[in-house]
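Enquirer: Turn this into a model:
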Amino acid sequence: MTRTLLLAALACAALIAAGCSATYVRQSGMQNAPVRPPERMLLAGLKQYEDGDLKAAQASLHRALAEGLAFEADRVTAHKYLAFIECASGRERECRDQFAAALALDPRLELSRAEAGHPVWGPAFRSTKATIVPSK
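Expert: Reported below is the predicted structural model:
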């Protein structure tokens, strides 16, 4: 086994053992570690979103979901960013639908302070969560 292949196999095994989601991989700077195609699509979609290419990001995120993201956290992230894209595109119903899908997977989902303060998707998220997640 070549050294590169061995290192790649070890990195992959470490990620699987640690239960790392693609979001964690991106946040930790491990984007070049070998991951499955759905997780690669998620990472591509997040990068495209950050680069402002919302149409490509939307396609990548939908494809990642369709191909079967392994981790619930990744599915939540994909739906959350799809909601942001829908809201930014003026499609409020679709935005709320994506937030509802994310909240169905993780009812404890919260937006970051910056995300929650956004004038379009902040209120859409709060009202969607209020209708889906019962208050305590």
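
Enquirer: can you give me the end-to-end distance of stretch 60-80?
Expert: 14 Å (C-alpha to C-alpha, to the nearest Å).

Enquirer: So for the spatially most central residue of the chain, what's the pLDDT?
Expert: The chain has Thr77 as the residue nearest its centroid, 2.3 Å off, counting by C-alpha atoms, centre = their mean. On pLDDT, Thr77 comes in at 98.

Enquirer: List the buried residues for the helix or strand harbouring it?
Expert: Element membership of Thr77 [criterion: DSSP states H and E] is helix 72-88. Using 16 or more other C-beta atoms under 10 Å as the test for burial, helix 72-88 gives 73-87. (Each C-beta comes from the backbone N, C-alpha and C, glycine too.)

Enquirer: Is the residue nearest to the centre of the chain in contact with Leu42, as I believe?
Expert: Yes. Applying C-beta atoms under 8 Å, one finds Thr77 in contact with Leu42, separated by 6.9 Å.

Enquirer: So the residue nearest to the centre of the chain versus Phe125, what's the distance?
Expert: Using C-beta to C-beta, to the nearest Å, Thr77 is found at 14 Å from Phe125.

Enquirer: same question, His62
Expert: Relative to Phe125, and taking C-beta to C-beta, His62 is found at 20 Å.
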